[in-house]
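Chemist: Starting from these lines, generate the structure:
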Amino acid sequence: MSPRGTRGAYRKEDRVKLPIELQKELVEKAAARCGNFQELAKRLNIPKSSVHYYRTGRLTMPMSVMEGMLDIAGDQVLMERVTSRGLTKDRTWANEYSVSIYREMCRDKLRLPTRDELERDDELRRKAAALISYVLAEGSVWVKSNRYDEGIVNITFADHEDDLYEHFRTLCRDVFHYDTGPPQLPGNGARAIRGFIYSTFIAQWLVGNGVPIGDKSSQEGHLPEWLMHTRDRQTIESALQPWCDGEGGVSNRSSTRPGFSVTQSRHTDLDFGVILQARESAKRRDVPKGDLKTMQIFDLNLYEYCRVMFRSEILEDVAALFRRIGFHPKMNLDRIHLKDDGFCSCIWTIRFGGFEAVTFPERMLIIQRRKLRHILKSG
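Modeler: Okay, the predicted model is just below:
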């Protein structure tokens, strides 16, 4: 008897995939020669259940099992048909096939909204728009380097933003039927909370809706077309709220009516050491806009060079949505920041005046408690 785990469906060898009807004919002819399916299983030293699964086409046959059945059947015409129509799969195929079945089972438990569903269902579209913006503003999509290319989505908030985390968690349940669970601590002492979506299908759905794989700040990113072209005002406001809460902040707090700004970085391939050669002081990690305008790189004005070469396309989309609902955002390059790898990030900012900022809470563009307090006090 073969060692446990190597019989029938689990035999570690190349397999043959046959058309279902042809495989059924082979099993039935071999069983008829043996007397019945049980005797065929004994003759081949495989479980009776495996014979049943071969007959119904649920399993492919190991090469040795197929050859044994052909010998038992003793039908030359059948052997020629099997030889000409069989597709040989290597020994790892069975594992990959079982994984594909598991993935389909996981897919059945999720909801991945289609374009038609988003067009028909206003509530679903608004929640999906907010969820995509949350990942673009505060999260990322990663693909693990393994043979299954597992996709993972992670989201990070400051430790006081538990209300934003719960909002994101609710959106995941409503849109994907997926629960991220309670917030997790990052484990490195950072004052933050994190959540994860361990689903390749959700990761692929987000990538298909504009979220880049990996480091977003080093890539060109855009909001999905269906969101940029929607005529539903509430969908636009739902998409803007994560940017205001996640990347926004109250500015000029000493003023009677403080303004509001939304900030996003865009990584560059500029070596900070080269830039510092044009500066008298190298103590700060930031080069403000005023200094950039006085500096030259590659015989070009550094400020204008960065404005052209390292724009934040995703923030331009955000500004365009604000304009569509009546706001007047001013987007500009604010500064260059030194990263730990020695290269620079361009920090882009959208600014709003105080008269517009105080309307954010009533339009549900801000829901985070701390920001609400600052805005409402100024109003």
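
Chemist: Let me see the ranges of the helices in the stretch 101-250 of the chain.
Modeler: Taking DSSP state H, counting those that start in this stretch to define them, one finds helices in the stretch 101-250 of the chain at 115-120, 122-138, 162-176, 200-208, 225-228, 233-247.

Chemist: just checking, what packs against the fourth one?
Modeler: Counting contacts by 3 or more Cβ pairs under 8 Å, 6 or more residues apart in numbering; DSSP states H and E, helix 200-208 is packed against helix 93-109, strand 139-143, strand 151-158. Glycine gets a C-beta too; all of them are placed from N, C-alpha and C.

Chemist: which of the residues in it are buried?
Modeler: When neighbours are counted by 16 or more other Cβ atoms under 10 Å, the buried residues of helix 200-208 are found to be 200-206.

Chemist: now swap in the first one and tell me
Modeler: Within helix 115-120, the residues that count as buried by 16+ other Cβ under 10 Å are Leu118.

Chemist: avg pLDDT for it?
Modeler: Rounded to a whole number, the mean pLDDT of helix 115-120 is 92.

Chemist: Please name every helix or strand in contact with it.
Modeler: For helix 115-120, the helices and strands in contact under the criterion 3+ Cβ pairs under 8 Å, 6+ apart are helix 122-138, helix 225-228.

Chemist: Turn the ones you listed into CSV, including distance to Pro212 and mean neighbour count.
Modeler: As requested, the helices and strands packed on helix 115-120 are arranged in CSV below (distance: least, Cβ to Cβ, whole Å; neighbours: other Cβ atoms under 10 Å):
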stretch, distance to Pro212, mean neighbour count
helix 122-138, 9, 23
helix 225-228, 16, 16
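
Chemist: These: which one's closest to Asp334?
Modeler: helix 122-138 (17.0 Å; Cβ to Cβ).

Chemist: other SSEs contacting the closest one?
Modeler: With contacts defined as 3+ Cβ pairs under 8 Å, 6+ apart, the secondary structure elements packing on helix 122-138 are helix 115-120, strand 151-158, helix 162-176, helix 225-228, helix 233-247.

Chemist: So which of those is the most surrounded?
Modeler: Per-residue neighbour counts averaged over each of the helices and strands packed on helix 122-138 give the maximum for helix 233-247, namely a mean of 23 (mean count of other Cβ atoms under 10 Å).

Chemist: got the contact list for it?
Modeler: 122, 125-127, 129-130, 132-134, 136-138, 157, 161, 164, 223, 227, 230, 260, 262-264, 318, 321-322, 324-325, 360, 363-368, 371 (Cβ atoms under 8 Å, 6 or more residues apart in numbering).

Chemist: in stretch 316-332, what counts as buried?
Modeler: By neighbour count, with 16+ other Cβ under 10 Å as the criterion, the buried positions of stretch 316-332 are 317-319, 321-322, 327, 329, 331.

Chemist: In the sheet, which strands lie alongside the longest strand anywhere in the chain, parallel or antiparallel?
Modeler: Looking across the chain with DSSP state E, the single longest strand is strand 259-271. Using DSSP bridges, the strands paired with strand 259-271 in its sheet are strand 248-251 (antiparallel), strand 343-352 (antiparallel).

Chemist: relative to helix 233-247, how tilted is that strand?
Modeler: Orientation check (axes from the mean of the first three to the mean of the last three Cα atoms, to 10 degrees): strand 259-271 against helix 233-247 gives 60 degrees.

Chemist: What's the mean pLDDT across strand 259-271?
Modeler: 87.

Chemist: Buried residues of it, list them for me.
Modeler: Along strand 259-271, the positions that meet the burial threshold by neighbour count (16+ other Cβ under 10 Å) are 259-268, 270.

Chemist: what's the answer for stretch 39-54, then?
Modeler: Residues 40-41, 43-44, 46, 50-51, 53-54 are the ones in stretch 39-54 that count as buried (16+ other Cβ under 10 Å).

Chemist: Pick the one among these closest to Asp286.
Modeler: Comparing every one of the buried residues of stretch 39-54 with Asp286 (Cβ to Cβ), the shortest separation belongs to Tyr53, at 65.3 Å.

Chemist: In which helix or strand does the closest one reside?
Modeler: When elements are assigned from DSSP states H and E, Tyr53 belongs to helix 48-56.

Chemist: Other residues contacting that helix?
Modeler: Contacts to helix 48-56, defined as Cβ under 8 Å, 6+ apart, come from residues 7-9, 20, 23-24, 27-28, 31, 37-38, 40-41, 44, 59, 61, 65.

Chemist: ok, now stretch 181-200?
Modeler: Outside of stretch 181-200, the residues within contact range by Cβ under 8 Å, 6+ apart are 103, 106, 110, 148-159, 161-162, 165, 168-169, 172, 176, 178, 180, 203.
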